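Student: Sequence first, predicted coordinates after that:
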Amino acid sequence: MLYRVQGIVIRSMDYGEGNKIVNVLTSTHGKVGIMIRGAKKLRSRYGSLAQLFTQGEFGFFKKGTGLGTLNHGEIIDSHHVLRENLFMAAYASYAVELIDRAFQDDEAGSYLYEQLQACLTGLEAGKDPQIVTHLFEMKVLEAAGYAPEMSACVNCGEVTGTFALSYRLGGLLCHRCFSKDPSRLPTSEGFNKLLRLFRQLDMRRLGNIQVKDTTKKELREGMRLLMDTHLGLKLKSRAFLDQLEREPFV
C-alpha cells in the first residue's frame with residue numbers, strides 16, 4: 001500500500017552499504033519505519049531526508065507490518081541549525097529519543113507530532129533550552145498518562161498552604177499530607193507555579209520565560225524524578241546531555 005505522510009525523523013541508522021532506515025513520527029500514522037535506499041551515497045536524492053530532526057513529506061510503499069520503502073520525499077524544514085551546534089543537538093537528540101522510546105508505534109499521534117515540532121522550533125529559535133526541554137517532558141508525561149497533579153494536593157485536594165512534590169504519588173502534597181510520602185521533594189512556590197504553567201501551556205505558545213537559576217535547578221531535579229519514576233527510561237542522549245551540563249564546552 002502507498003502512503004504519503006508528514007513527519008519528523010526521530011531515529012536514523014545505517015543499513016547495508018548505502019541505505020538508511022529512519023523512524024519517523026508522523027502527524028497521522030504514529031511512528032513508522034522507512035528504508036531510504038541509497039541515502040548514504042554522496043549524490044543521493046534523499047540523503048538529506050534521512051537526517052535526524054528533519055521534517056518532511058514521506059511517500060512510501062509498505063506491505064504488511066514490515067518497513068516501508070521510500071519512493072518520494074520532500075523536506076519541509078531541515079532543522080540543520082540543531083545538527084550544527086553540539087549543545088543544541090544534545091537537547092534535540094534527547095527530545096527525539098524520548099519520543100522514540102516512550103511510545104509504541106500506534107500510541108504516538110498528531111498531538112505529540114505538533115509538540116515535538118514546536119520543541120525543535122523553540123530550540124532553533126534560541127529559547128532557553130532547559131525550559132523548552134522540561135516543558136516538552138511535561139507534554140510527554142501528559143501523553144503517557146503520568147501528568148502530575150499541580151492544581152491541588154494529590155492526596156486530599158487542598159489548594160492552600162505549603163506544598164512539596166511527591167514524584168512517587170504524582171503531584172503536589174500539602175503540608176497536612178507530608179506524612180503520606182517521606183521521600184517528597186521540598187519545592188519553592190516558584191517551582192510550583194512553573195509546573196502549573198507547564199501543565200497548562202502548549203509548546204506552540206511558549207515565549208521567552210525568564211527563570212531564576214535556583215528555580216531551574218529545582219526544575220531539573222523535580223522533572224528528573226518524575227520522568228525516572230513514571231517512565232523509567234535509560235536514554236543515551238540524556239547521559240550525554242547531563243555531561244554537557246556539568247562540563248559545558250566553551
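Tutor: Everything's here; your move.
Student: which residues touch Tyr146?
Tutor: Contact analysis of Tyr146 by C-beta atoms under 8 Å, 6 or more residues apart in numbering lists 170, 226, 230-231. C-beta here means a position set from N, CA and C on the backbone, and glycine is covered the same way.
Student: Top of those by number of neighbours, please.
Tutor: Highest neighbour count within these, by other C-beta atoms under 10 Å: Leu226, with 25 neighbours.
Student: tell me which element the residue nearest in space to the middle of the chain falls in.
Tutor: Residue closest to the average C-alpha location in the chain (C-alpha atoms, centre = their mean): Ala95, at 3.3 Å. Element membership for Ala95 (DSSP states H and E) is helix 86-102.
Student: Name all residues that make contact with the residue located most distally from the centre of the chain.
Tutor: What lies farthest from the middle of the chain is Arg176; by C-alpha atoms, centre = their mean that is 34.4 Å. If you count contacts by C-beta under 8 Å, 6+ apart, Arg176 has them with 153, 156, 158, 161.
Student: Quickly note the distance from it to Arg220.
Tutor: Separation of Arg176 from Arg220 (C-beta to C-beta, to the nearest Å) stands at 28 Å.
Student: ok so, going back, among the contacts of Tyr146, which one lies nearest to Pro129?
Tutor: Nearest to Pro129, judged by C-beta to C-beta, of these is Leu226 at 18.8 Å.
Student: C-terminal to the strand or helix carrying the closest one, what's the next element?
Tutor: For Leu226, the host element (DSSP H and E) is helix 213-230. Per DSSP H and E, the first helix or strand lying C-terminal to helix 213-230 is helix 236-246.
Student: List the buried residues for the helix or strand of the chain with the lowest mean pLDDT?
Tutor: None of the helices or strands of the chain scores lower by mean pLDDT, DSSP states H and E than helix 236-246, at a mean of 88. Buried residues in helix 236-246, defined by neighbour count with 16 or more other C-beta atoms under 10 Å: 237-238, 241.
Student: Run through the neighbouring helices and strands of that helix.
Tutor: On a contact count with 3 or more C-beta pairs under 8 Å, 6 or more residues apart in numbering; DSSP states H and E, helix 236-246 meets helix 86-102.
Student: Tell me the helix or strand right after the longest strand seen in the chain.
Tutor: Ranked by residue count and defined by DSSP state E, the top strand of the chain is strand 2-15. Per DSSP H and E, strand 2-15 leads on to strand 19-26 as the next helix or strand towards the C-terminus.
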